[in-house]
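S.K.: For reference, the sequence and a predicted model appear below.
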Amino acid sequence: MLTERQGLVVWLHSLKHAKSLRRFGNVHYVSKKMKYVVLYCNQDELDSVMERISAYSYVKRVDPSFKPFIKSVFENSRPDKAKEYDYKMGF
């Protein structure tokens, strides 16, 4: 059975400690320019992981991802027939 995962965006003062965040979950991306780390952890452990990460002195801010709570099923996914004929160009 798959566990529910959720992303965290950890903003850092310095990227020197980005490697140490691997113990909290899977590090997905590290931005050198903007100094943030995207990591994924289990959704049921999210609050405790956020508290533990934000306690470090090299962490500016910790933001959770809201992707699991966004509705991804759209109601009118078929295009309108009238608009379909407007875009056809006869070359």
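M.R.: Okay, I see it.

S.K.: what are the ranges of the strands in the chain?
M.R.: 5-12, 26-31, 36-42, 59-64 (DSSP state E).

S.K.: do you know which of those strands lies nearest Met50?
M.R.: Shortest distance between Met50 and the strands of the chain, using Cβ to Cβ, is found for strand 59-64: 5.1 Å. In short, each C-beta sits where N, CA and C put it, glycine included.

S.K.: Could you name the helices and strands sitting against that closest one?
M.R.: Judged by 3 or more Cβ pairs under 8 Å, 6 or more residues apart in numbering; DSSP states H and E, the packing partners of strand 59-64 are strand 5-12, helix 46-54.

S.K.: Can you add mean neighbour count and give these back as JSON lines?
M.R.: Below are the helices and strands packed on strand 59-64 laid out as JSON lines (neighbours: other Cβ atoms under 10 Å):
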{"stretch": "strand 5-12", "mean neighbour count": "19"}
{"stretch": "helix 46-54", "mean neighbour count": "15"}
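
S.K.: Now render the ones you listed as TSV, adding distance to Phe24.
M.R.: As requested, those are exported to TSV (distance: least, Cβ to Cβ, whole Å):
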stretch	distance to Phe24
strand 5-12	8
helix 46-54	5
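
S.K.: Not counting its own residues, what contacts stretch 59-74?
M.R.: 4, 6-13, 43, 46, 50, 53-54 (Cβ atoms under 8 Å, 6 or more residues apart in numbering).

S.K.: typo on my end, it should be stretch 31-40
M.R.: Contacts to stretch 31-40, defined as Cβ under 8 Å, 6+ apart, come from residues 5-15, 18, 21-22, 24-30.

S.K.: Now do the end-to-end distance for that stretch.
M.R.: Stretch 31-40 has its terminal residues 15 Å apart, counting by Cα to Cα, to the nearest Å.
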